[in-house]
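In: sharing a sequence plus its predicted fold:
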Amino acid sequence: MNIVGALFATTGIVLYAVDLENAYFLWMCDGRKYNVGPYGDNCRNVALLAQRLLKSMDITLIALAVLQLCVNIRFSILGIKALSSEMKTEEGGKHVEGHQAELKEILLTSPGA
């Protein structure tokens, strides 16, 4: 499951990077009808603001996807270590049933039970 999450995070990083490269809103102000009158530069200012907002959101989402990738890889490593340590304890002759009985006894005798 963590490996699938890592693949999704990698895909997200790539897609957000492509979207970051193609963030361009000035095409909306190319027509003549937006450049007439006393507020002719207003469309350009709004388009540049929207472009800055989109770029900052993409950068934030890339950072979060990188964080998700790191967490997924770390949990995959921890899961593999846990599985390999279980195999070693089973080969060593320790029985899991004895540990479960001790755990039940501890839980029943604890003050919160």
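Out: Thanks, I have it.

In: excluding its backbone neighbours, what's nearest residue 66?
Out: Leaving out its chain neighbours, the residue that sits closest to residue 66 by C-beta to C-beta, 6 or more residues apart in numbering is residue 13, at 6.4 Å. C-betas here are computed from N, CA, C, even on glycine.

In: isn't the one you found up against residue 67?
Out: No. Under the criterion of C-beta atoms under 8 Å, residue 13 makes no contact with residue 67, lying 10.6 Å away.

In: which residues does residue 6 contact?
Out: By C-beta atoms under 8 Å, 6 or more residues apart in numbering, residue 6 lies in contact with 69, 72, 73, 76.

In: can you map out the helices along this structure?
Out: 2-21, 42-91, 96-109 (DSSP state H).

In: and of the ones you listed, who's closest to residue 30?
Out: helix 42-91 (9.6 Å; C-beta to C-beta).

In: give the rounded mean pLDDT of the closest one.
Out: The average pLDDT for helix 42-91 rounds to 86.

In: re the thing from before, residues touching the residue nearest to residue 66, list them.
Out: For residue 13, counting by C-beta under 8 Å, 6+ apart, the contacting residues are 62, 65, 66, 69.

In: tell me which of the helices of the chain sits nearest to residue 27.
Out: Of all the helices of the chain, helix 42-91 sits nearest to residue 27, with 8.3 Å by C-beta to C-beta.

In: give me the angle between that closest one and helix 2-21.
Out: 160 degrees (axes from the mean of the first three to the mean of the last three C-alpha atoms, to 10 degrees).

In: what sits closest to residue 50 if chain neighbours are left out?
Out: Distance criterion C-beta to C-beta, 6+ apart; nearest residue to residue 50, sequence neighbours excluded, is residue 25 at 4.9 Å.

In: for the one you found, give its distance to residue 15.
Out: Distance of residue 25 to residue 15, computed by C-beta to C-beta, to the nearest Å: 19 Å.
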